[in-house]
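> Here is my input, please return the structure:
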Amino acid sequence: MHPDDPSDQKLTDTHPSTRSGEVASTERPIGRHRVPELPRRPLLASTPIRVALATGVTCCLSLVAVATARGNDDIPARTVEPLAEAVADRAAIADERASRSLDRDLAPARVLPSPTATPSPTPTVVRKVPKKPVKPRRPRPVAGLDQAQMDNAKIIVDVGLDMKMPRRALVVALSTAMQESNLYNLASDVLPESADYPNQGSGSDHDSLGLFQQRPSSGWGTVAELMRPSYAARAFYSALNEIPGWQDMSVTAAAQAVQISAYPDAYAQHEDRATTVAAALTA
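This is a model prediction of the structure:
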């Protein structure tokens, strides 16, 4: 058939009418010809690709978990604890800021818990102030004596009472001291060292000393001893106790038996006054 034959051309250009619409929709024109286009399939719809992707994700998650666990093990506890505290503090601050309000009530006062045991009070130390020694009250002078004479008379009476001597012995001793020294504690000009001790004057009758004018050379005692009124009185009472029956003697006889004086009758003149002084000091 000739190519220019119209009937031939008509047969060539005519396509079968029985082709479905689906096949036609998949064809795209290229020039004058249509090339059938294959249907597209989603990439992730492929089973091998989905398996490979799931496997890779699982491996990555495992590596991240291992790295996290190892990193946490490397962090010292002393770093984690302050970090946790700081996070808690920041959360508390944020909560406090969020809850602030201008019309909120005042916060209640904080009440401290009472201690379970009441501490014992500290004992107060009271310092005792030492009292100044109280000077003995000086006796009021009687029978015409001055204060110095009355003080010496008190010493003579106190020593006699300490030795349990009767009232009669006190009168004898006071009468003797009144006669010998006029109840003054005298030193001796013959013994200059006697002036080194407390005294109320001096005498010059040999080496006689003190209230009773007792002599160291006769064995009554040392100068220091005889210048102490208490010692001199004790020495006198001791000598009087050695006289047998002195209690029945007169004051003059008893005093003379002890003193061996050149004036034995001189002691009698002081008996009344000595009795008054003894009564005043023993009342």
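> Any stretches of the stretch 1-150 of the chain with poor pLDDT?
Across the stretch 1-150 of the chain, the ranges flagged by pLDDT under 70 are 1-120.
> how does it look with 50?
Segments of the stretch 1-150 of the chain classed as low confidence (criterion: pLDDT under 50) are 1-35, 43, 51, 57, 64, 66-67, 69, 71, 73-75, 97-104.
> Quick one: the helices in the chain, in order.
6-13, 21-25, 47-74, 77-99, 147-162, 167-180, 223-226, 229-241, 251-259, 271-282 (DSSP state H).
> packing partners for the last one?
Taking 3 or more Cβ pairs under 8 Å, 6 or more residues apart in numbering; DSSP states H and E as the contact definition, the neighbouring helices and strands of helix 271-282 are helix 147-162, helix 167-180, helix 251-259. Every residue, glycine included, has its C-beta placed from N, CA and C.
> Can you lay out those helices as JSON lines showing distance to residue 141 and mean neighbour count?
What follows is those, written out as JSON lines (distance: least, Cβ to Cβ, whole Å; neighbours: other Cβ atoms under 10 Å):
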{"stretch": "helix 147-162", "distance to residue 141": "4", "mean neighbour count": "20"}
{"stretch": "helix 167-180", "distance to residue 141": "14", "mean neighbour count": "25"}
{"stretch": "helix 251-259", "distance to residue 141": "22", "mean neighbour count": "22"}
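> okay, those helices in CSV with distance to residue 279 next?
Shown next, in CSV, are the helices and strands packed on helix 271-282 (distance: least, Cβ to Cβ, whole Å):
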stretch, distance to residue 279
helix 147-162, 10
helix 167-180, 8
helix 251-259, 15
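> Minimum distance to residue 204: which of these has it?
helix 167-180 (13.6 Å; Cβ to Cβ).
> Give me the neighbour count for the residue lying closest to residue 193 once chain neighbours are set aside.
Take residue 193 and drop its neighbours on the chain: the residue closest to it by Cβ to Cβ, 6 or more residues apart in numbering is residue 223, 5.7 Å away. Residues near residue 223, counting by other Cβ atoms under 10 Å, number 19.
> Contacts only, for residue 223.
191, 193, 194, 197, 209, 216 (Cβ atoms under 8 Å, 6 or more residues apart in numbering).
> Okay, it and residue 130: tell me how far apart.
35 Å (Cβ to Cβ, to the nearest Å).
> now swap in residue 159 and tell me
29 Å.
> Neighbours of residue 242, how many?
Neighbour tally, residue 242, other Cβ under 10 Å: 9.
> For residue 201, see how far away it is.
Residue 242 is 30 Å from residue 201, by Cβ to Cβ.
> Could you list which residues are in contact with the residue nearest to residue 263 when sequence neighbours are not counted?
Excluding its sequence neighbours, the residue lying closest to residue 263 (Cβ to Cβ, 6+ apart) is residue 179, at 7.9 Å. Residues near residue 179 by Cβ under 8 Å, 6+ apart: 255, 261, 263, 266, 267, 269, 270.
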